[in-house]
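Student: Structure, please.
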Amino acid sequence: MRKMSAAAARRTALAAQGFGRRKPAAPSRRTVLDVLGRTQLLQLDSVSAVVRAHYAPVFSRIGGYDRTLLDDAAWSNGVRRPRKLVEYWAHEAALIPVEDWPLMRWRMAEYDHGRWAGMRRVAERNPTLGKDILDVITEVGASTAGEVERHLELDKPRPKGSWWNLSDTKMICEQLFANGALSVDKRVGFARHYDLVERVIPPEILARNVPEGEAIRELTLRAATALGVATEADLRDYYRTHRTQTQPAIADLVDAGELEQVDVAGWDKPGYLRTGAVTPRRIEGAALLCPFDPLIFFRARTERLFDFHYRIEIYTPEPKRVHGYYVFPFLLNGELVGRVDLRAERSAGRLLVPGAFAEPGHCTPETVAALTDALREMADWLELDKVVIGDRGDLAPLL
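Tutor: Coordinates of the predicted model:
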């Protein structure tokens, strides 16, 4: 088995994710989609403390860009500019290439009655609601769950006991989205506008039938492409597949020459190197990484690659938070050298930095200079005039 140093594995992983490349002078739709060609997916999340999670990884890789380029690729469809991305449950809720829709049919079958027991119970007590929702959307077109509810003239109390307090209509819309009967035509104010899947996915793609084994193999290959070098657990986590699915897929890909098993120094499990993955001699550049960036969203891998223990603290009570509410790891020249708590105060035109913390050995002028530039670049991208530094963390007074 070929041996690989930990540093080489880290550079391979970063290059696979699109870091270390020259940033374009004028990012275009093609530039944005090239990022997807590397990451394969962009996780969606409702937190907007700084910017929605799907926008940030593109910025981290290509710098300031027009976010409508990503919006149009995902949520508009025209003859000259057809939809390129679609929402589905991949890692979590995520944007994936439209062409990958057939690879998720096995999951849609698993979710036929919903993703979790609560959805099934709602369906059981509303046996005709799913058909009613489909009838409304068939007639009126893409709609939010609230709009569907108004068309159905429902005036029922929302169920209690769930922190998100979803209505039955919303839950059944989500069930129909999970099982592939509905897709998302667009988002307005981040609210999903559901539509019939056949009005979102092109017919030639919708007609493709990919057996589960083949689909898992292709998803595992996409994960390997995005990760560069990875353990079985890394590959499994990327699309949230099961070990019983991933292990045979990896064996097939090794036999086919698409993956090579390697022994990475410091890893307690075998690594799998994507054939053709590049291992640069160095990775240069700086990037602020949102908590849901594909480079770091699997925390065990982040710790193994970068010796960086990272947990999101959104749900931690404020007095118990170590670094802050919405903390961006700071990548500099191939290493995670700090953590920055960020908040966009749009009404005042300010990017707030309540805390900034260096990793051991990285509280240096080089880190401060690079982070200063990265914060100014982010503020400019978000059209915020000022960067306001707080007083928490060892980097704060230097910034």
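
Student: Show me where the stretch 101-250 of the chain dips below the pLDDT cut-off.
Tutor: Scanning the stretch 101-250 of the chain for pLDDT under 70 picks out 155-166.

Student: One more pass at 90, please.
Tutor: The stretch 101-250 of the chain contains residues with pLDDT under 90 at 113-124, 126, 153-167, 189.

Student: Tell me where it has strands.
Tutor: Using DSSP state E, counting those that start in this stretch, the strands found in the stretch 101-250 of the chain span residues 182-188, 191-196, 229-230.

Student: which of these sits most buried?
Tutor: Across those, averaging neighbours per residue (mean count of other Cβ atoms under 10 Å) puts strand 229-230 on top, at a mean of 29. For glycine as for every other residue, the C-beta is placed from the backbone atoms N, C-alpha and C.

Student: Tell me which residues are up against it.
Tutor: 4, 9, 12-13, 16, 223-224, 262, 264, 271-274, 277, 301 (Cβ atoms under 8 Å, 6 or more residues apart in numbering).

Student: tell me which of the residues you listed is nearest to L33?
Tutor: Using Cβ to Cβ, A16 comes nearest to L33 of those, at 16.7 Å.

Student: Would you point out the most distant pair within the contacts of strand 229-230?
Tutor: For the contacts of strand 229-230, the farthest-apart pair by Cβ to Cβ is M4 and A223; their separation is 18.2 Å.

Student: just to revisit the earlier point, which one of the strands of the stretch 101-250 of the chain lies closest to E149?
Tutor: When the strands of the stretch 101-250 of the chain are compared for distance to E149 using Cβ to Cβ, the nearest one is strand 191-196, at 12.0 Å.

Student: tell me the angle that closest one makes with strand 182-188.
Tutor: Interaxial angle of strand 191-196 relative to strand 182-188 (axes from the mean of the first three to the mean of the last three Cα atoms, to 10 degrees): 140 degrees.

Student: more crowded one of M4 and A223?
Tutor: Neighbours were counted for M4 and for A223 using other Cβ atoms under 10 Å; A223 has more, 25 against 19.

Student: Grab the most central residue of the protein for me.
Tutor: Centroid-nearest residue in the chain, with Cα atoms, centre = their mean: Q43, separated by 1.9 Å.

Student: just wondering, since we're on it, how far is it from R240?
Tutor: 11 Å (Cβ to Cβ, to the nearest Å).

Student: overlap in contacts of these two?
Tutor: Common contact partners of Q43 and R240 (Cβ under 8 Å, 6+ apart): H91, E92.

Student: ok, which stretches of the stretch 151-300 of the chain are helices?
Tutor: 168-178, 203-206, 212-227, 232-238, 243-255, 299-306 (DSSP state H, counting those that start in this stretch).

Student: CSV please, covering these and showing distance to A93.
Tutor: Formatted as CSV, the helices of the stretch 151-300 of the chain follow (distance: least, Cβ to Cβ, whole Å):
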stretch, distance to A93
helix 168-178, 9
helix 203-206, 20
helix 212-227, 16
helix 232-238, 14
helix 243-255, 20
helix 299-306, 18
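
Student: Would you mark the buried spots in the longest strand along the chain?
Tutor: Across the chain, the longest stretch assigned as strand under DSSP state E is strand 335-345. Neighbour counts over strand 335-345 (16 or more other Cβ atoms under 10 Å) mark E335, L336, V337, G338, R339, V340, D341, L342, R343, A344 as buried.

Student: show me the contacts for the first one.
Tutor: What it means is E335. With Cβ under 8 Å, 6+ apart, E335 has these contacts: F306, E359, H362.

Student: ok, now the second one?
Tutor: With contact taken as Cβ under 8 Å, 6+ apart, L336 is in contact with I296, T302, F306, F308, P329, F330, E359.

Student: Which one of those is nearest to R376?
Tutor: For the contacts of L336, the nearest to R376 is F330 (13.7 Å; Cβ to Cβ).

Student: hang on, the earlier thing: adjacent strands (with direction) for the helix or strand just after the longest strand of the chain?
Tutor: Per DSSP states H and E, strand 335-345 leads on to strand 350-358 as the next helix or strand towards the C-terminus. Sheet pairing for strand 350-358, assigned by DSSP bridges, gives strand 335-345 (antiparallel), strand 386-392 (parallel).

Student: who touches strand 350-358?
Tutor: Under Cβ under 8 Å, 6+ apart, the answer for strand 350-358 is 50, 323-325, 327, 337-345, 364, 367, 371, 375, 378-379, 382, 384-390, 392-396, 399.

Student: pLDDT averaged over it - what is it?
Tutor: The predicted model gives strand 350-358 an average pLDDT of 98.

Student: Would you mind giving the contacts of L336 as a markdown table with neighbour count and distance to D135 added?
Tutor: A markdown table is the format used below for the contacts of L336 (neighbours: other Cβ atoms under 10 Å; distance: Cβ to Cβ, whole Å):
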| residue | neighbour count | distance to D135 |
| --- | --- | --- |
| I296 | 23 | 43 |
| T302 | 19 | 46 |
| F306 | 22 | 51 |
| F308 | 18 | 51 |
| P329 | 23 | 47 |
| F330 | 26 | 51 |
| E359 | 18 | 56 |
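
Student: between the residues you listed, which is nearest P248?
Tutor: Distance to P248 across the contacts of L336 (Cβ to Cβ) is lowest for T302, with 26.8 Å.

Student: okay but that closest one is in contact with P291, surely?
Tutor: No - applying Cβ atoms under 8 Å, one finds T302 not in contact with P291, separated by 10.5 Å.
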